[in-house]
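J.: Predicted model, plus sequence, below.
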Amino acid sequence: MNQKKYLNRYKSFLCSLSSLAEARKRDLTDDFVISGTVQKFCLTFDISWKVMKDIIVGYHKVSSFASGSPRETLRMAAQLGVISGDIWMKMLLDRNALTHDYDGSLARDAAHKIVELYLPVFEDFRDTAARYMDQMEKDDKL
């Protein structure tokens, strides 16, 4: 596995998550803040499932999982114990709905859910992924 690619993706996830966490300090009644929170959530989610795919392929050596769609990746990550619970599937459904929320009607409720419910899930995954990344980096150096 290309060491630089998976580490760069993981670093992008960390940056995106850090930026999303700023929403905790912002006014979630402001339309601009809501819009930014939703956009950062979608980006953070998209990077996170790709990091999961890197862990599945690079650490767990599961190469039979070729297509690697978000849904397939989440299922495999749960099966391997990389993530737990069904909240990731709920996040996927919300991410999919939000990408087609052209008038912003879903965004206001979603912004609160993102900050209160999904942000801690991303932060838990950050900690889990860090352990995998450390081990994958060590294995690559051997």
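T.: In hand now; what should we look at?
J.: in this protein, which helix has the most residues?
T.: Ordering each helix of the chain by length in residues (DSSP state H) puts helix 31-58 first.
J.: In that one, which residues are buried?
T.: For helix 31-58, a neighbour-count test (16 or more other CB atoms under 10 Å) marks 33-34, 36-38, 40-45, 47-58 as buried. All C-beta spots, glycine's among them, are computed from the backbone N, C-alpha and C.
J.: swap in stretch 79-98?
T.: In stretch 79-98, counting by 16+ other CB under 10 Å, buried: 82-83, 88, 91-92, 94-95, 98.
J.: Narrow those residues to those in helices?
T.: Using DSSP H, the members of the buried residues of stretch 79-98 that fall within helices are 88, 91-92, 94-95, 98.
J.: quick one: which of these is nearest to Arg71?
T.: Sorting these by distance to Arg71 puts Leu92 at the head of the list, at 6.4 Å, by CB to CB.
J.: Tell me who's in contact with that closest one.
T.: With contact taken as CB atoms under 8 Å, 6 or more residues apart in numbering, Leu92 is in contact with 45, 49, 70-71, 74.
J.: Could you dump these into a markdown table and include distance to Leu119 and pLDDT?
T.: Putting those into a markdown table (distance: CB to CB, whole Å; pLDDT from 0 to 100) gives the following:
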| residue | distance to Leu119 | pLDDT |
| --- | --- | --- |
| Phe45 | 11 | 98 |
| Trp49 | 16 | 97 |
| Pro70 | 19 | 95 |
| Arg71 | 22 | 94 |
| Leu74 | 18 | 96 |
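J.: so which of these would you say is closest to Ile114?
T.: Comparing every one of those with Ile114 (CB to CB), the shortest separation belongs to Phe45, at 9.5 Å.
J.: thought the closest one was touching Leu93?
T.: No. Because the distance of 10.9 Å does not satisfy CB atoms under 8 Å, Phe45 is recorded as not touching Leu93.
J.: circling back to that earlier point, in terms of distance to Asp134, which of the ones in helices among the buried residues of stretch 79-98 ranks first?
T.: If you rank those by distance to Asp134 using CB to CB, Trp88 comes first, at 22.2 Å.
J.: what's the neighbour count on the residue nearest to that closest one when sequence neighbours are not counted?
T.: Nearest residue to Trp88 in three dimensions, chain neighbours excluded: Leu74, at 4.8 Å (CB to CB, 6 or more residues apart in numbering). Taking other CB atoms under 10 Å as the neighbour definition, Leu74 ends up with a count of 21.
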